[in-house]
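Peer 1: fold the following.
(chains A and B)
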Amino acid sequence: GAGVSQTPSNKVTEKGKYVELRCDPISGHTALYWYRQSLGQGPEFLIYFQGTGAADDSGLPNDRFFAVRPEGSVSTLKIQRTERGDSAVYLCASSFSGNNEQFFGPGTRLTVL
Amino acid sequence: KQEVTQIPAALSVPEGENLVLNCSFTDSAIYNLQWFRQDPGKGLTSLLLIQSSQREQTSGRLNASLDKSSGRSTLYIAASQPGDSATYLCAVRPVDYGQNFVFGPGTRLSVLP
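Peer 2: Just a heads-up that it's a prediction; the model follows:
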């Protein structure tokens, strides 16, 4: 398909484990965003990539969270030493450039037991 | 810091009614505003994007307006249908805080047959 895809759709892990969440943006989109959404709330910004570089990582909650986009396409959000409070839906979006319409993927539901 | 609110938090209407959802933001310095729809357990679907220089956008039964100076946007849905039932989120892209969106908490709409 031509939309944003995210894998896995669901991830259950134990407290203290390491997880990786993957995002495949729409082909040709240079901007990529990660958000986190808790139940009943709007998404909260985590990090924004323009090409391969993180243009704004001010939303990452602490140094356990890290994201990469080495070739300017696929991005991976990495969470170390997971905590129960990290449980949420992690959403990825892409856009043609920084000020254009964002298109969202279906999200990855992370549950930390 | 930009804050976005949405009123009402939830709305239930009979099928066929016209309705208005409200979005307010505290800082008028924005690049654009985007309205999204989110079905339970799903990602976000883009509905309308309004650039800061525009006053409204229309798509089918949807019309979104933007009054940047007063920090307000409305989403008008004409002739509502049960299939319109979802959570509607608005998000603004502030000028001063990089390229990330700031989301409102959403309005949960139920259209009763």
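Peer 1: in chain B, which residue sits closest to chain A?
Peer 2: Closest approach of chain B to chain A (Cβ to the nearest Cβ) occurs at B:Phe103, with a separation of 3.3 Å. In this view, the C-beta of every residue, glycine as well, is placed from N, C-alpha and C.
Peer 1: that residue against A:Tyr33, yeah?
Peer 2: No - using Cβ atoms under 8 Å, B:Phe103 and A:Tyr33 do not qualify as a contacting pair, with a distance of 11.5 Å.
Peer 1: state the helix or strand in which the nearest residue to the residue of chain B closest to chain A once chain neighbours are set aside lies.
Peer 2: Here the nearest residue to B:Phe103 in space, its sequence neighbours aside, is A:Gly42; by Cβ to Cβ, 6 or more residues apart in numbering or on different chains that works out to 3.3 Å. Secondary-structure assignment from DSSP states H and E places A:Gly42 in no helical or strand segment.
Peer 1: residue contacts, A:Gly42?
Peer 2: For A:Gly42, the residues meeting the contact criterion (Cβ atoms under 8 Å, 6 or more residues apart in numbering or on different chains) are B:4, B:89, B:91, B:103-106.
Peer 1: between those residues, which sits nearest B:Leu19?
Peer 2: Proximity of those to B:Leu19 was ranked by Cβ to Cβ; the top entry is B:Gly106 with 14.9 Å.
Peer 1: list phi and psi for the closest one.
Peer 2: Note on B:Gly106: its backbone torsions stand at phi 100, psi 160 [degrees, to the nearest 10].
Peer 1: show the pLDDT at the residue nearest to B:Phe103.
Peer 2: At A:Gly42, the predicted lDDT confidence score is 92.
Peer 1: do B:Lys68 as well
Peer 2: You'll see B:Lys68 listed with a pLDDT of 94.
Peer 1: for the one 4 residues further on, same thing?
Peer 2: Model confidence at B:Arg72, given as pLDDT, is 97.
Peer 1: what's around the spatially closest residue to it that is not a sequence neighbour, how many residues?
Peer 2: Take B:Arg72 and drop its neighbours on the chain: the residue closest to it by Cβ to Cβ, 6+ apart is B:Ser24, 5.4 Å away. Residues near B:Ser24, counting by other Cβ atoms under 10 Å in any protein chain shown, number 16.
Peer 1: same check, this time on B:Ser73
Peer 2: Residues within reach of B:Ser73, counting by other Cβ under 10 Å, total 27.
Peer 1: using the three-state scheme, assign it.
Peer 2: Under the three-state scheme (DSSP: H, G, I helix; E, B strand; the rest coil), B:Ser73 adopts strand.
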